[in-house]
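1. the following comprises the amino acid sequence and a computationally predicted model.
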Amino acid sequence: MTNPRHNGLRSVAEQSEEERGGPGSILSRQSRDHAELDELMRSYDAAGSPAERGRIVAQVGERALRHAFAEETVLFPAYRKFLAGDDDELTRHIEGDHQTVNDALEQLQRADPSSADYDATVRHAFEVIRHDAHDEEDDLLPRLQQAVGVEQLRAIGAAWEVQRRTSPTRPHPRVPREPPGNVLAGIPLAVSDRVKDAVDHALPVGTGRRRAAPAVLAATAAAVLLVRRRGRGRGAGMG
Ligand SMILES: [Fe+2]
Ligand SMILES: [Fe+2]
């Protein structure tokens, strides 16, 4: 069934995995990650305490930020290259939504989950994340599918996945939203985020004592290695 709002384009949500180009294509990878994000956001409503809500929001935040960073550094440059040019309105609109989500998550990172306005900020961020997924599944990805072959959809999917795994994990308000600034800023931020993640993991809030220094060091070394590998591979990648 086609969606008349988008000039006969078929939403990714209406396609089988085979029609999307197989499990490795950018359409299938995006669809799976959107569905997992949606499930995580739904679990917020069932959370039994402010602490649990805070944990779920942190998980949504990390996943959404990785997803969006990989879009801005791999998927959108590919879309602009094949279809639209540098002043493309659709990718600019989605990047604006990414910035809105980033700002809300940055605010939530410092907020108390039991405070009065926490829930409203969370729901606004979730709404924008869902809107963003619709723009991509109903419009951007079907357009890309019309313009390139299956092999290219799979190559973009593989590059997007590599970038998603090595991207920053925390909101950073000053990261530029387009290449090359976002890529250059993302490398040190990805390392520092993973160090902070490892420290948070090793030091539960309020203890003030290091419990697992080797885990911190191992995570730091792994993060540096990942970023170096990404740097070596970028010359052959998208965008
Ligand atoms: Fe997005
Ligand atoms: Fe997406």
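-> Great, that's in hand. The structure presented is a predicted model; accordingly, all values stated were derived computationally and were not measured. Numbering: from 1, shown residues only. Ligands and ions are numbered 1, 2, ... in the order given.

2. give me the contacts around stretch 78-86.
-> Stretch 78-86 is contacted from outside by D88, L90, T91, L140, R143, L144, A147, V148, Q152, I156, M238, G239, using C-beta atoms under 8 Å, 6 or more residues apart in numbering. C-beta here means a position set from N, CA and C on the backbone, and glycine is covered the same way.

3. how about a cut-off of 7 Å?
-> D88, T91, L140, R143, L144, A147, V148, I156, M238, G239 (C-beta atoms under 7 Å, 6 or more residues apart in numbering).

4. give me the number of residues near H134?
-> 12 (other C-beta atoms under 10 Å).

5. mind showing which ranges of the protein have poor pLDDT?
-> Applying pLDDT under 70 to the chain flags residues 1-7, 169-239.

6. one step back: between the contacts of stretch 78-86, which has the most around it?
-> Neighbour count (other C-beta under 10 Å) singles out I156 as the most crowded of these, with 27 neighbours.

7. packing partners of the helix or strand harbouring that residue?
-> In this structure, I156 is located in helix 150-165 according to DSSP states H and E. Helix 150-165 sits against helix 26-45, helix 50-70, with contacts defined as 3 or more C-beta pairs under 7 Å, 6 or more residues apart in numbering; DSSP states H and E.

8. orientation of that helix relative to helix 50-70 in degrees?
-> 130 degrees (axes from the mean of the first three to the mean of the last three C-alpha atoms, to 10 degrees).

9. sort out which one of the contacts of stretch 78-86 lies nearest ligand 1 for me.
-> The closest of those to ligand 1 turns out to be L140 (C-beta to the ion; 8.7 Å).

10. what's near enough to touch that closest one?
-> Residues near L140 by C-beta under 7 Å, 6+ apart: Y79, L90.

11. all helices of this structure, in order?
-> 26-45, 50-70, 76-79, 89-109, 118-135, 141-147, 150-165, 181-202, 213-233 (DSSP state H).

12. mind putting those helices in TSV, distance to Q15 included?
-> TSV is the format used below for these (distance: least, C-beta to C-beta, whole Å):
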stretch	distance to Q15
helix 26-45	7
helix 50-70	20
helix 76-79	18
helix 89-109	19
helix 118-135	15
helix 141-147	9
helix 150-165	12
helix 181-202	29
helix 213-233	29
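
13. tell me the most buried of those?
-> By mean neighbour count, with neighbours taken as mean count of other C-beta atoms under 10 Å, helix 76-79 ranks first of these at a mean of 24.
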